[in-house]
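Enquirer: I'd like to go over a predicted model; first the sequence, then the structure.
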Amino acid sequence: MLSQHRSLIVTSALPYANGPLHLGHLVEYIQSDIWCRYQKMHRHQCVHVCADDAHGTAIMLRAKRERMEPSVFLHQVLREHKADFAGFHIDFDYYYSTHTPDNRYLCHMIYERNRDSGHITRRVISQAYDPEAGQFLPDRFIQGTCPKCGTAEQYGDHCEACGAMYNPTELVNPVSVISGATPVTRESEHLFFTLSDFTESLKTWCNTQGHLQPEVANKLQEWFDAGLADWDISRDEPYYGFLIPGEKNKYFYVWVDAPIGYIASFRKYCQSLGLDDKPHWQPGSDTELYHFIGKDIITFHALFWPALLEGAGMRKPTAIFAHGFLTVNGRKMSKSRGTFIRASAYLRHLNPEYLRYYFATRLTSGLEDIDLNFADFAQRINSDLVGKVVNIASRCAGFIHKRCYSQLSAVCAEPELYQEFADARHEICDYYERREYAKAMRCIMALADRANHYIDRTKPWVLAKQEDNEIALQKVCSVGLNLFRLLIFYLKPVLPVMTREAEIFLDTHFFDWSDCDKPLTRHTIKPFKPLLTRVEPAAIEAMLADANANETGPGRIL
């Protein structure tokens, strides 16, 4: 368990601002939020930032379809995203947008530094053009068959099936997403970032232990084996984004300004506190920088992004943590299959902490996909949280209130058992640190089983029937509530609201991990109220019906 105080910047991938969040998005934000809450419980200076990715042709076309100015549409989506994040208790220290003066300034600065260092070139390329819409087609507005693996319905920049990157003109049987027309080829001059200038430094960075997950580093070796190609960073008008300084009618490709939004969001956070953000981005900075992302966008974050930063004389990330996708009842998220669920639809029917806990029981440090099986979801919440953890408090609190004047015993009757539970925090902390949340939850639930076994063995309900046995009853129930207190504390990164309500009941607060050392003695507790109710099948059915009533699919995450 790491104990020294640390300074961390943690980012989550930017949700695209052309639609609402769905449960697949929440995998990442819950994962990063748990990690940040864990770090803050160690009193580390951990800043969690994110932003809406607000640029690209998709934004322009969606705003037009909604008959809104893009800025008005973006403001509406930003408000919806913030509401969904708040609903799931995702605690960003600052949430921003990439369509801001701060981000424009930083984009210009980073581009100009790379340009002046000789890392930007220009050349004429053949580009897909929609003859019916009368415009060049951005990569994401062309679909066709991947030229590498043959998977159909892939976008024009990369294949989501095999991860290959390619030029849109390489797609087999391409069609325009805008009009359905077959694109024609026209020439246009574009700007390129010479990624190959950074081959050796990227090799070293990617293969340094701790920067990337091993399976990611192995996959990226294919890029180095093939040779790093120049990266097209410009787009032709019409395009919603930032104009490239010194150029006419050329805009930054969204993958340039989107990750720079991490820096802009952190800068805005620092400005709100009167702090200087620049030292954190200098090479050699003691601040740790972590990116939580989906496995489909690893190449942008592990190759292009570190190279762009290096070319601008800035530090690279400390580590990039990629995760898998979400399936629902074993199927990909799909409106036609009834497995496409908006975050807002879930929140109308189910407790958000159910999902936070369920994802935690599934999340590991690897890239495995996560399946949200609703039968298992209900069983796990009802068994683990209601039947095991909350049950401990409900079995003990009433006796303390009615027979012991709401006061815990003067001493802990089971110091060795309590110490065993307290010492478990070292293993649990290690799991949280390494993002092995599933292992942490299994460890916590094993402790919950031990606590319930203790109550079964000591039988406080039998003690309560015996005359003049209040002291023995008080000791047993006080041990039970102290073990419950530790379990709740260990679950705090996952269940912040339930923890807060337990703190009210116990009339105590959990500040950091050292609070585990001593049990509560001679302590008065408040009346117990149910902390969590069972998941009812009717609520799940109502949520699924609501989710499939009239959903509009959201955009990608950058």
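Expert: Done, it's in.
Enquirer: in the stretch 1-150 of the chain, which spans are strands?
Expert: Under the criterion DSSP state E, counting those that start in this stretch, the stretch 1-150 of the chain contains strands at 7-12, 45-52, 94-97, 120-130, 135-136, 142-145.
Enquirer: got the domain boundaries for this structure?
Expert: Here the domain parsing of the chain from automatic domain parsing is 1-118+198-223+255-323, 388-516.
Enquirer: quick one: mean pLDDT over the longest one.
Expert: Spelled out, that is domain 1-118+198-223+255-323. Average pLDDT, domain 1-118+198-223+255-323: 95.
Enquirer: repeat for the shortest one
Expert: If you average the pLDDT over domain 388-516, you get 96.
Enquirer: so how far is it off the chain centroid?
Expert: Centre-to-centre, domain 388-516 and its host chain are 30 Å apart (CA atoms, centre = their mean, to the nearest Å).
Enquirer: the residue with the largest distance to the centre of the chain: what secondary structure?
Expert: Distance from the centre of the chain peaks at Glu467, with 54.6 Å (CA atoms, centre = their mean). The local conformation at Glu467, judged by DSSP: H, G, I helix; E, B strand; the rest coil, is coil.
Enquirer: and the domains of the chain as JSON lines, adding distance to Asp376?
Expert: Yep, even glycine has a C-beta here, placed from its N, CA and C like the rest. As requested, these are exported to JSON lines (distance: least, CB to CB, whole Å):
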{"stretch": "domain 1-118+198-223+255-323", "distance to Asp376": "15"}
{"stretch": "domain 388-516", "distance to Asp376": "13"}
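Enquirer: nearest residue to Phe136 other than its sequence neighbours?
Expert: Spatial nearest neighbour of Phe136, chain neighbours left out: Asp236 (4.4 Å); criterion: CB to CB, 6 or more residues apart in numbering.
Enquirer: show me what contacts the one you found?
Expert: The neighbours of Asp236, taking CB atoms under 8 Å, 6 or more residues apart in numbering as the test, are Gln127, Gln135, Phe136, Ser188, Asn249, Lys250, Tyr251.
Enquirer: now the last one: which helix or strand?
Expert: Looking back up the chat, that one is Tyr251. strand 250-252 (DSSP states H and E).
Enquirer: off-centre distance for that strand?
Expert: 29 Å.
Enquirer: what's the average pLDDT for that strand?
Expert: 96.
Enquirer: so for whichever helix or strand comes after it, what gets flagged as buried?
Expert: For strand 250-252, the succeeding helix or strand toward the C-terminus, using DSSP H and E, is helix 254-272. The neighbour-count check on helix 254-272 (16 or more other CB atoms under 10 Å) flags 254-270 as buried.
Enquirer: ok so, going back, so which of the domains of the chain comes closest to Ala345?
Expert: Nearest to Ala345 among the domains of the chain is domain 1-118+198-223+255-323 (8.8 Å), distances taken as CB to CB.
Enquirer: next one: the closest one to chain centre, how far?
Expert: Taking CA atoms, centre = their mean, one finds the center of domain 1-118+198-223+255-323 at 11 Å from the center of the full chain.
Enquirer: go on, stretch 107-125?
Expert: Relative to its chain's centre, stretch 107-125 lies at 31 Å (CA atoms, centre = their mean).
Enquirer: got the buried residues for that stretch?
Expert: In stretch 107-125, counting by 16+ other CB under 10 Å, buried: Cys107, His108, Ile110, Tyr111, Arg113, Asn114, Arg115, His119, Ile120, Ile125.
Enquirer: list the contacts of stretch 357-375.
Expert: The contact list for stretch 357-375 (CB under 8 Å, 6+ apart) reads 23, 26-27, 30-31, 34, 213, 215-216, 295, 321-330, 377, 380-381, 384-385, 434-442, 491, 494-495, 540, 544.
Enquirer: now it: mean pLDDT?
Expert: 97.
Enquirer: mind giving me the packing neighbours of the host helix or strand of Cys396?
Expert: Using DSSP H and E, Cys396 falls within helix 391-403. Packing contacts for helix 391-403, counted by 3 or more CB pairs under 8 Å, 6 or more residues apart in numbering; DSSP states H and E, involve helix 437-458, helix 460-463, helix 470-491, helix 496-506.
Enquirer: any chance of those in CSV, plus distance to Gly156?
Expert: Converted to CSV, these look like this (distance: least, CB to CB, whole Å):
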stretch, distance to Gly156
helix 437-458, 36
helix 460-463, 66
helix 470-491, 44
helix 496-506, 41
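Enquirer: for the ones you listed, which one ends up most surrounded?
Expert: Stretch with highest mean neighbour count among these: helix 470-491 (a mean of 24; mean count of other CB atoms under 10 Å).
Enquirer: got the angle for it vs helix 391-403?
Expert: Relative orientation of helix 470-491 versus helix 391-403 (axes from the mean of the first three to the mean of the last three CA atoms, to 10 degrees): 140 degrees.
Enquirer: return helix 470-491 as CSV; C-alpha atoms alone will do.
Expert: C-alpha atoms of helix 470-491 as CSV (Å, rounded to 0.1, in the frame of the first residue of the first chain):
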residue,chain,number,x,y,z
GLU,A,470,-27.4,-6.4,28.8
ILE,A,471,-23.6,-6.2,29.1
ALA,A,472,-23.0,-9.4,27.0
LEU,A,473,-25.6,-8.3,24.5
GLN,A,474,-24.0,-4.9,24.2
LYS,A,475,-20.6,-6.4,23.7
VAL,A,476,-21.7,-8.7,20.9
CYS,A,477,-23.7,-6.1,19.0
SER,A,478,-20.9,-3.5,19.5
VAL,A,479,-18.5,-5.9,17.8
GLY,A,480,-21.0,-6.5,15.0
LEU,A,481,-21.4,-2.8,14.4
ASN,A,482,-17.7,-2.1,14.5
LEU,A,483,-17.1,-4.8,11.9
PHE,A,484,-20.0,-3.3,9.8
ARG,A,485,-18.2,0.1,10.1
LEU,A,486,-15.0,-1.3,8.6
LEU,A,487,-16.9,-3.0,5.7
ILE,A,488,-18.7,0.3,4.9
PHE,A,489,-15.4,2.1,5.1
TYR,A,490,-13.8,-0.3,2.6
LEU,A,491,-16.8,0.2,0.3
